[in-house]
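K.L.:
Give the three-dimensional model of this entry:
(2 chains)
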Amino acid sequence: MTASGREEDKGKDKTLNPSRRDWLFTAGVALNVAAGLLLAVPLIGFVFSSFVERKDPRSWISLGPLDGFPENATRIASYRNPFTRPWDGQTADIPCWVRRLKGNQFQVFAINCTHLGCPVRWFPESGLFLCPCHGGAYYEDGARAAGPPPRGLFQYDYKVENGQLWVKGGEMPTLSNPV
Amino acid sequence: MNWLRKCAVWLDDRLHLTALYASTAGHEVPASAGSWFYVFGSATLLCFIIQIISGACLAFVYIPSTNEAFTSLQYLNHAQFWGWYLRAVHYWGSNFMVAIMTAHMIQVFLFGAYKYPRELTWISGVFLLLCTLAMAFTGQVMRFDQDAYWGLTIGAEITGRVPLIGAQLVHVLLAGPIIAGETLSRFFTLHVFIIPGLIIAIVSMHLRLVLTKGINEYPRPGHPVHKSTYDAEYADILRKEGVPFVPHAIGKDLIFAALVIIGILGCALIFGPKGPVGVPNPTLVDTNPRPDFYFLAIFAAFALLPDWMEVIVLFAAPTLIILFLLVLPFISGTGEKSARRRPVAVLSVVLILLVVGVLAYMGETSPWSPKMDAWSSDPIPAQFLKGRTPLELHGAIVFQNKQCRNCHALGGLGGERGPALDSVATRLTRPELIRQVIQGGGNMPAYGEKLSPAEVEALVSFLQTLTPKSKKPAVPSDKRENKLPRDLAVVMPPATGTPVRTSPAIFYE
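P.N.:
Presented below is the predicted three-dimensional model:
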């Protein structure tokens, strides 16, 4: 509101609309914009911390002794996600499919269908992984067999150490971030 | 009674109730707006209020932690006094809200109420639609069971397809690298604080616009909207047939509101709450995730779209649809309002409803999903086994054991992912059958590495018997090559190419 001439202001004491009030208003707004920005920095940083913190959440996790995985067979295994909170409960238990070819040769597949992430199931009789959501199918080596998946199953990095099978996990695999 | 009157006058003097009434509930509306078609907006708001009240009650007990949520839902269902009923009211309230909001939107569209000067009423309504769908999705996550877990996974996978920043967005959505820890707190905050707050703010604007720009008069054919004359025409309508909304136009809203409440309470009583089904433990992989009905159509679209269209539909289609809804009042802001003079509008609504309805039905039945237990649970009907040779009978066993049945029905039982095979021998000759089994194609995996030559021999012998008595089996001929079924013709490898996934030893004939 400027000091000059609103109809209803005429006849009012001129000291009611001095330029000091305009200055106070402008200064007040400016101060609040600055304070608002100060408030916004921690708020936005808090919510979008994943853009700032680029720590790799993955680490090596043991899936258990090699004896648990017979050769030429595909077995389900699960691990406790390394990135975990005390209140996670069973949601932090992540399953994966372990295929042991021969000796120390493995393939460890993420449970998530590469189409939209539903859990694929292994059918040893037909040698296929089938997805219950949109009918994606994969061969036993993880290659896409049929249906809408854009690629084969996601595979974990693995290593064999101290007679145990280790995988590098900790993150939900997505197309933009395969395990 | 004089003192009572004095009290009322005093209260009105302090609270300015008469003035408030005159400028809000008592504002003048065209008498024609007191129509049964105009009841959906207030009913949607009513549903929202029921959701807030029942939701606040549920939040007294619910624990938004991935470890406790499922248990607290079970507690609500089985231990908390009337907990199951409030859960049911909240669930059915959400179904009613989405359904009535859709009816409101269709009515507003067909009655041309989005046209000049009510553009912003429509646009704020579009944002309310988006908020309501966001409430539906986050609410589905609150029911933290297997469907919620895998529904969230699907949401994360879709987010992960965003170019460049997909990975970071997944972290923002899940509040971490996986579904656990803070994920549920995040969705709880969205569902209980942020989105309802947005809805209250936008509804306030929506309602204020109804007051300032007036409710749409019941459209009459042959009375198009012109920007230059409409305001005067509307003022004229109000002068001639304006009635105060309360009490002279709200009657039908009140009756419909009561019916909606009774409907929600009745459905809650009869059908009860939904779930929770299955503990949200991802290691239990024998699950069959399905979204609530509002998202079934989208779920179906993901299964039916060709690969190359998927990313377009995932991101471009929602953007374009929302953009179209937002600019609609500007590209068709004037002209006829009555649906009787807008055949394209009517046909569009019918077409969209049909598409969404059919997709939702397909999402519910999911014919594209293999029937995971068909091979071990659906028997082969006797007519397909009677009088068959031992080799053919062995083929039937191979057919079951190799789980062909999970995708192919026989006698109406089995999966529907691939074609039913009751009369496959009338469509494919023996060499074609062998090729299809070994090489796959047309959305069928190749079984060359999983079947021994003897098994292929038996299986194909069995398949060759699958022909109704009235029809002759397919016979090879020189000209048949051009008449292959389309799916086969497309996937047939070129004559010179090496067949993929075929062990040479068994690729015979």
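K.L.:
In the sheet, which residues pair with residue A:164? Tell me.
P.N.:
Note on residue A:164: beta-bridge partners residue A:65, residue A:161, judged by DSSP bridges.
K.L.:
Now do the SS call for residue A:22.
P.N.:
Following DSSP: H, G, I helix; E, B strand; the rest coil, we place residue A:22 in the helix state.
K.L.:
Pull out the buried positions in the least confident helix or strand in chain A by mean pLDDT.
P.N.:
When the helices and strands of chain A are scored by mean pLDDT, DSSP states H and E, helix A:49-52 comes last with a mean of 77. For helix A:49-52, the neighbour count (16 or more other C-beta atoms under 10 Å in any protein chain shown) marks residue A:50 as buried. Every C-beta, even on glycine, is put in place using the N, C-alpha and C of the backbone.
K.L.:
send the alpha carbons of that helix over as PDB?
P.N.:
In PDB, the C-alpha atoms belonging to helix A:49-52 read as follows (Å, rounded to 0.1, in the frame of the first residue of the first chain):
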ATOM      1  CA  SER A  49      19.300 -36.100   1.300                       C
ATOM      2  CA  SER A  50      19.700 -38.900  -1.200                       C
ATOM      3  CA  PHE A  51      20.800 -36.200  -3.800                       C
ATOM      4  CA  VAL A  52      23.500 -35.000  -1.400                       C
END
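K.L.:
wait, residue A:171 sits on residue B:176?
P.N.:
No: with contacts counted by C-beta atoms under 8 Å, residue A:171 stays clear of residue B:176, the gap being 9.1 Å.
K.L.:
what touches both of the two?
P.N.:
A:57, A:83 (C-beta atoms under 8 Å, 6 or more residues apart in numbering or on different chains).
K.L.:
The longest strand anywhere in chain A vs chain B: in contact?
P.N.:
As assigned by DSSP state E, the longest strand anywhere in chain A is strand A:93-102. Yes: judged by C-beta under 8 Å from any C-beta of the partner chain, strand A:93-102 and chain B are in contact via A:93, A:94, A:95.
K.L.:
What are the buried residues along that strand?
P.N.:
Applying 16+ other C-beta under 10 Å to strand A:93-102 flags A:93, A:94, A:95, A:96, A:97, A:98, A:99, A:100 as buried.
K.L.:
Does the helix or strand containing residue B:203 reach chain A?
P.N.:
Applying DSSP states H and E as the criterion places residue B:203 in helix B:195-213. No: against chain A, helix B:195-213 shows no contacts by C-beta under 8 Å from any C-beta, the least distance being 14.9 Å.
K.L.:
what's the model's confidence in that helix, averaged?
P.N.:
Averaged across helix B:195-213, the pLDDT comes to 97.
K.L.:
then that helix to PDB, C-alphas only?
P.N.:
The C-alpha trace of helix B:195-213 is given here as PDB (Å, rounded to 0.1, in the frame of the first residue of the first chain):
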ATOM      1  CA  ILE B 195      -1.800 -34.700   1.200                       C
ATOM      2  CA  PRO B 196      -4.900 -34.200   3.400                       C
ATOM      3  CA  GLY B 197      -3.500 -30.700   4.200                       C
ATOM      4  CA  LEU B 198      -3.200 -30.000   0.500                       C
ATOM      5  CA  ILE B 199      -6.700 -31.400  -0.100                       C
ATOM      6  CA  ILE B 200      -8.100 -29.100   2.600                       C
ATOM      7  CA  ALA B 201      -6.300 -26.100   1.100                       C
ATOM      8  CA  ILE B 202      -7.400 -26.900  -2.500                       C
ATOM      9  CA  VAL B 203     -11.000 -27.700  -1.500                       C
ATOM     10  CA  SER B 204     -11.200 -24.300   0.200                       C
ATOM     11  CA  MET B 205     -10.200 -22.700  -3.000                       C
ATOM     12  CA  HIS B 206     -12.600 -25.000  -5.000                       C
ATOM     13  CA  LEU B 207     -15.500 -24.000  -2.700                       C
ATOM     14  CA  ARG B 208     -14.600 -20.300  -2.700                       C
ATOM     15  CA  LEU B 209     -14.700 -20.300  -6.500                       C
ATOM     16  CA  VAL B 210     -18.100 -21.900  -6.400                       C
ATOM     17  CA  LEU B 211     -19.200 -19.000  -4.300                       C
ATOM     18  CA  THR B 212     -17.500 -16.200  -6.200                       C
ATOM     19  CA  LYS B 213     -18.100 -17.500  -9.800                       C
END
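K.L.:
check contacts around residue 178.
P.N.:
No chain in the question, so chain A it is. Contacts of residue A:178 (C-beta under 8 Å, 6+ apart): residue A:154.
K.L.:
Chain B was what I was after
P.N.:
A:81, A:83, A:91, A:92, A:94, A:170, A:171, A:172.
K.L.:
Please flag which of those residues sit within helices.
P.N.:
Using DSSP state H to define helices, no part of the contacts of residue B:178 is located there.
K.L.:
just the buried members of those?
P.N.:
For these, buried by 16+ other C-beta under 10 Å: A:81, A:83, A:91, A:92, A:94, A:170, A:171, A:172.
K.L.:
ok, back up a step: the least confident helix or strand of chain A packs against which elements?
P.N.:
Packing contacts for helix A:49-52, counted by 3 or more C-beta pairs under 8 Å, 6 or more residues apart in numbering or on different chains; DSSP states H and E, involve helix B:166-174.
K.L.:
ok, residue B:319 - how many residues close by?
P.N.:
9 (other C-beta atoms under 10 Å in any protein chain shown).
K.L.:
thinking again about what came up before, ok, and what's touching the least confident helix or strand of chain A?
P.N.:
With contacts defined as C-beta under 8 Å, 6+ apart, helix A:49-52 is touched by A:45, B:165, B:168, B:171, B:172.
K.L.:
can I get these in JSON lines with neighbour count, pLDDT and distance to residue A:26?
P.N.:
Listed next are these as JSON lines, based on neighbours: other C-beta atoms under 10 Å in any protein chain shown; pLDDT from 0 to 100; distance: C-beta to C-beta, whole Å:
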{"residue": "A:45", "neighbour count": "12", "pLDDT": "89", "distance to residue A:26": "29"}
{"residue": "B:165", "neighbour count": "13", "pLDDT": "87", "distance to residue A:26": "38"}
{"residue": "B:168", "neighbour count": "20", "pLDDT": "87", "distance to residue A:26": "39"}
{"residue": "B:171", "neighbour count": "23", "pLDDT": "89", "distance to residue A:26": "41"}
{"residue": "B:172", "neighbour count": "16", "pLDDT": "89", "distance to residue A:26": "37"}
